[in-house]
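J.: What follows is a predicted structure for the sequence shown.
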Amino acid sequence: MHDGLDVAPRGGLRLGIDIGGTFTDFALVDSLGSRVGVHKQLTTPRDPSHAVLEGTLAICQAVGCSLSELVEIVHGTTLVTNALIERRGDRTGMLVTQGFRDLFDIGREQRYDLFDLRLRYAEPIVERGLRADIPERLKHDGSVLVPLDEEAVAAQTRRLVEDERIEALAICFLHAHVDDRHERRAREIAGALYPALHISHSADVFPYPREFERWTTTCANAYSQPLVDRYLSRLETGLAEAGFLGRLWIMASSGGLMNLDMARRYPVKLLESGPAAGVLVAARIGTAVAGGDLLSFDLGGTTAKGALIRKGRPFRAYSFEAAHAYEYRSGSGLPLQIPVLDMTEIGTGGGSLVAPDALGRLRVGPRSAGAEPGPVSYGRGGKTATLTDANLLLGYLHPDSFLGGTMTLDLDAAAEAYREQIGVPLGVDALRAAWGAHDMANEDIARAFRMHATERGFDYRGCAMVAFGGGGPLHAARIARKLRVPRVIFPRGAGVMSAFGMLSGAQSFETVRAFRRGLDAVEESELQALLADLDAEAAAPLGSGGATHWHRRFDMRYRGQHYDIEVELPEACGDLREALRMRFIERYREIFHTSLDEPIEIVGCKVEASAAASQSFSTSPEDENDGGEAMTGHRQAYFPAAGGLVDCAVLARSRLRPGMVVDGPALVEEPESTILLDAGDRATVHGDMSLVAEIATP
Amino acid sequence: MTSPVAASRRTLDPIDLAIAWDRLISITDEGAAALIRTSFSMLVREGFDLSVMIFDTRGRLIAQSRKCIPVFIGTAPVTMAHMLKRFPPQTLAPGDVVASNDPVIGTGHMFDLALMKPIFRGGRIVAYAMSITHLPDIGGMGFSAAATEIYHEGLRLPIWKLFAAGQRDETLIELIKLNVRVPEQVLGDIMASVSCLEVVDRQLGEFLSEAGLADVDELAVSIIDQTEAAVRAALAAIPDGAYRNEVEVEAFGDIRRLVCRIDKRGSAAAIDFAGTGPCVGAGINVPLSYTRSMALYTLKCITAPRLPNNDGATVPISISAPVGCLLNAVPPAPSAGRHVIGHFIPPLIFGALAEVVPDRVMAGSGLIDFITLQGRRPDGSGMTTTFCAAGGFGALSDLDGQPTTPGSSNMGGMSAELFEPESGLTVERKSLRPDSGGAGAYRGGPGQEIVLRNDSGFPVSVFSMANRTQFPAQGFAGGQPGACREHLVNGETISPQGRHELAPGDRLTLREAGGAGFGNPQARPASKITDDLRRGYATPEGAARAYGPDWPRRGT
């Protein structure tokens, strides 16, 4: 499944690879950032490096280049995500401050549902028997209350390795984010005893306060270290044997690129790199096409993801919940502290199961038929109606042109499922039921966007949405209409967007440091020294001369308030203290419409160093237009805004030329996705081949 | 919700209704999110001590934000009725916002300010929106049970227009500012609540025009009817009868009996608390509005936990208590800490129904410990902070209780790394309290033990309103009670309700209560007891005491 040679390769080829649940996607671009080819093949869950190697050879062969011509491979992986969900990491031990061994069992003491008495939480990554109390204690200012018991560190490490057979060790002490001397010393002792043991310590993984989250993150890091190490070794060897001479990067959850040393040291930062890559490319294309604020919208087989983009930069966050233990519920998973692109994710995707609930209200997801058995219409044993089946019944998908015609869909089976499972109980016909599922999915996604935006004080009305993923283009225009978002951008290559995203980002690295100090008590020279230190630390992984930009952000608060306000420093500023004070008051006013007569405190600082990104970037193939008529025909499809089942124009995406206008209702097909334009929407083909739709207001 | 409705204006079919219903809830959620984001109150930000609602033109609740705590189930319609009585629809104008924090018609204490905004379209009222938020301060003695009369507890506001046709009542604002400790924060939260109503107003207007609806009334009928029918069906499945229960609770030096009687007939239930003891001279008395909320909350857990909340859910259930009893406090009885007693209502009702619907009830929980600390930080600056710690959750008929899970309030645990610099105290340990969960075929969740040392260099006052110190969580069907809560200073047990001083260097130990078990301990398989030992929920000695020394030879 690749689209072969698009153009003659122009030196300095870069390959992006995204491993998804079903497919591993490949995108090849040249040194100018232009698309050379794409390729898709089935993921090999047992050893994902297998599909990576095979696909790399396949795409090189298809475009007629050798692996030695690749200067760079950028790779995103779900390895760590899956290891946490399926608990396939290695046996991990933990050294923990005496008196706090039970912290994971006590949990965060908060219910995520007040009415459900059966709620469950994620099992701790390190079971209690593998956690050892170590006498040691720092105060919150870093002074020593109880000195580190070095003999206990050695004895407990020996016990865990010799008797309990651990492969990895997490060292987690209180207040280590303020001063890591005890953690570092314990690490030296354990490392000297067992040089091959994988060791993570909490001040190194994410030096920020909140012990539950920092320690959970540290344990997750240790737990996935051996696994990631083995995987990267296999991949490195395999690619080298095939003739690859270039650099290999791994994409991090923040969208930055990590070299293999960093990936081995911080595997927990590899979570969710595929979705992050999608947001990066949405930001890049959306900014080039429309500018201003953007919504990134990705709809795949099992979930929909949304992100907010301001001035070309996706919103970021420093907490992420992995491996939900109870019905995908937020609050039931493992709370991790890692830099991520701030996304909302809901369980609405093509494979989402559709059924009425106990009150007879139609529900879409979060349970999914997945790739196996899949939707009813796949004919692979799926029995329950899914969203994809609804889109087929509504005429949005064609039984014969799904996935570029590589798979025929069973329309009758889908109709039967909707009639029996939804139509009969609710007293409506199958088409009405299918429209209900489609509309409900749109409503659920619109709600997720509204909440995500409102929680972050982001006014989405007036911005543009960038839609991608296999199902994004089919739902985007109607979701935009519900949100009163006036414009939707449909980039080319929506189905392999994350693989392109691997290549659109710049190499970057972020470092954080807890730094709790009253703004009036801190010396200007101290702040300058802190920033110089963090600038250098963040730039180091990028190599000498690699870093060209630094983003410096401080978490600050009024004393006595329990929440932080993030303040960004301008790249160049004079007096740091004054700049921070001004920025803080300004930002505080934006949120709370007031300022307080209280001392201001700094809580911590985050610095991201990044290299320059490639100048231009395009996901569109050149010259694939065979010159045929763009309109390939009409088919019956359901458009209530146009009166119901109407004869709808169907166009081939590959035959659209810049400047062409498409009026809804219309369906624009490409191999991995279909764009739906509703009645009243009007789309224009942009110079970069993106389709830009103006959405009619309801 | 799109065009089929707009095009034909036919009656809503089930699919349209589901989408419209979800949208109304989503609008209240969005209002709540806006309020949480800009709130100063930690209880609002972290404990979601707020609620946002939409009412139809007759004042019936039809949608409520998902982020809210049990107290807001059922109080708002009462507040709404009083507000409309004081200001009938014909006296309301666009831009009006009606306010009140009167505990008698509200949520039971004065920290909760209710704001109500009539939503106008085309010159007529099409719906009402309300937001309730827990303010950072309301004057008086602060958030404690120390008051002996309601007049000690702060500023009590009558039903009044905070905004009249868009004009803010500056006299009322000045009055509030002069009466609270942190005026900018209190005012900030009030205005955040006003902005939240504006979000609801705008979104609701957009929704109505999109759906082609003149007002929310047609939807309201369907939402309320369907919900009522579902609750009635769930009630009908419970055998008819009169079910009684009583528990004893500690009440600031006194002991009070709480009594309930549930008359279940057909598809309706009446809950009466006659027989409950009288009010006490401390701020733990419970106004009926709070009693009603906790009773409705409990029945919701039993009948339809996943049903969205609205007036339909409460129609089949009536709640009563004799005036002046501990569960129907009226002024001048103080009530700032009404949760201390109010949190016993769910276990009281669960206990009454344990025999008839054993698969729907939860054995007693250890409940939450909520402590206020006042003193100075090491640098001499003043310090007031709260420390929360949860006891264990009760067991179900087929599920072990979770360790350390709060109920009914939902304040999270405290990070030692954040608490220590804030308070000047040191958390010496925070560990599970083994053997505190009651034994049973399914065991209760264990509580925890926390040791705090006063390293501030100054004396620290501890205000405590702890419960479960004499009366442990009770098990069902042979399940054993959980361990009682204990507070100690330097190893000496102290009275858990009241005020204590910690000298520099003193240690305060909190032993949080365990949840109770469900079913005969003899029926617990050996493999599960082994697992309890492995998880640190039980000690070998404790297991031998609870399950008999021969338990390892039991079947699995």
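T.: Received, thanks.
J.: distance of the residue lying closest to residue B:511 once chain neighbours are set aside from residue A:186?
T.: Leaving aside its sequence neighbours, residue B:511 sits nearest to residue B:486 (CB to CB, 6 or more residues apart in numbering or on different chains; 4.2 Å). (C-beta placed from N, C-alpha, C; glycine too.) With distances defined as CB to CB, to the nearest Å, the gap from residue B:486 to residue A:186 amounts to 34 Å.
J.: Which of those two has more residues huddled nearby?
T.: residue A:186 (29 against 19; other CB atoms under 10 Å in any protein chain shown).
J.: Report the contact partners of the residue nearest to residue B:511.
T.: Residues in contact with residue B:486, defined by CB atoms under 8 Å, 6 or more residues apart in numbering or on different chains, are B:469, B:493, B:496, B:509-511.
J.: Does the helix or strand hosting residue B:204 reach chain A?
T.: Assignment of secondary structure by DSSP states H and E places residue B:204 within helix B:183-211. Yes. Using CB under 8 Å from any CB of the partner chain, helix B:183-211 comes into contact with chain A via B:184-185, B:187-188, B:191-192, B:199, B:206, B:209-210.
J.: Spell out which residues of the stretch 101-250 of chain A are next to chain B.
T.: Within the stretch 101-250 of chain A, the positions lying close to chain B (CB under 8 Å from any CB) are A:101-103, A:105-111, A:114-121, A:127-129, A:139-141, A:145, A:174-175, A:177, A:209-212.
J.: Next step: those residues restricted to helices.
T.: A:103, A:105-106, A:211-212 (DSSP state H).
J.: Give me the domain ranges for the chain.
T.: Here I'm looking at chain A. Chain A resolves into domains spanning A:13-83+A:232-270, A:87-229, A:274-348+A:440-503, A:352-439, A:508-610 when parsed by automatic domain parsing.
J.: think we crossed wires, I meant chain B
T.: Taken from automatic domain parsing, chain B resolves into B:3-229, B:362-556.
J.: Same list (these) but as CSV, adding mean pLDDT and distance to residue B:258.
T.: Below are the domains of chain B laid out as CSV (pLDDT from 0 to 100; distance: least, CB to CB, whole Å):
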stretch, mean pLDDT, distance to residue B:258
domain B:3-229, 89, 16
domain B:362-556, 93, 10
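J.: Can you name the residues of the stretch 501-650 of chain A sitting close to chain B?
T.: If contacts are counted using CB under 8 Å from any CB, the residues of the stretch 501-650 of chain A sitting beside chain B are A:516, A:559-563, A:591-594, A:596-597, A:640-641.
J.: which of those residues are buried?
T.: With neighbours counted by 16 or more other CB atoms under 10 Å in any protein chain shown, those contain buried members at A:516, A:560-561, A:592, A:596, A:640-641.
J.: Could you list which of those belong to strands?
T.: Using DSSP state E, residue A:516 are the members of these that sit in strands.
J.: sorry, back to before: including neighbour count, could the contacts of residue B:486 go into CSV?
T.: Formatted as CSV, the contacts of residue B:486 follow (neighbours: other CB atoms under 10 Å in any protein chain shown):
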residue, neighbour count
B:469, 20
B:493, 12
B:496, 22
B:509, 20
B:510, 23
B:511, 23
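J.: Could you identify the pair within those residues that is furthest apart?
T.: B:469 and B:509 (13.4 Å; CB to CB).
J.: which of the domains of chain A is buried the deepest?
T.: Looking across those with neighbours counted as mean count of other CB atoms under 10 Å in any protein chain shown, the highest average goes to domain A:274-348+A:440-503: a mean of 23.
J.: Endpoint to endpoint, that domain covers what distance?
T.: End-to-end distance for domain A:274-348+A:440-503, by CA to CA, to the nearest Å: 12 Å.
J.: can you give me how far it is from the chain middle?
T.: Averaging C-alpha coordinates over domain A:274-348+A:440-503 and over its chain gives two centres that are 9 Å apart (CA atoms, centre = their mean, to the nearest Å).
J.: likewise stretch B:300-310?
T.: Between the centre of stretch B:300-310 and the centre of its host chain there is 15 Å, according to CA atoms, centre = their mean.
J.: quick one: that stretch near chain A?
T.: Yes. For a cut-off given as CB under 8 Å from any CB, stretch B:300-310 has contacts with chain A, namely B:300-301, B:305-307.
J.: Kindly write the ChimeraX command that selects the buried subset of those residues.
T.: Of the residues of stretch B:300-310 next to chain A, the buried ones go into a single ChimeraX selection, burial set by 16+ other CB under 10 Å:
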select /B:300,301,307
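J.: May I see the residues of stretch B:300-310 next to chain A organised as a markdown table, with secondary structure and pLDDT added?
T.: Conversion of those to a markdown table gives the following (DSSP: H, G, I helix; E, B strand; the rest coil; pLDDT from 0 to 100):
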| residue | secondary structure | pLDDT |
| --- | --- | --- |
| B:300 | helix | 92 |
| B:301 | helix | 92 |
| B:305 | coil | 87 |
| B:306 | coil | 85 |
| B:307 | coil | 87 |
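J.: So which of the residues of stretch B:300-310 next to chain A is the closest to residue A:653?
T.: Proximity of those to residue A:653 was ranked by CB to CB; the top entry is residue B:306 with 42.1 Å.
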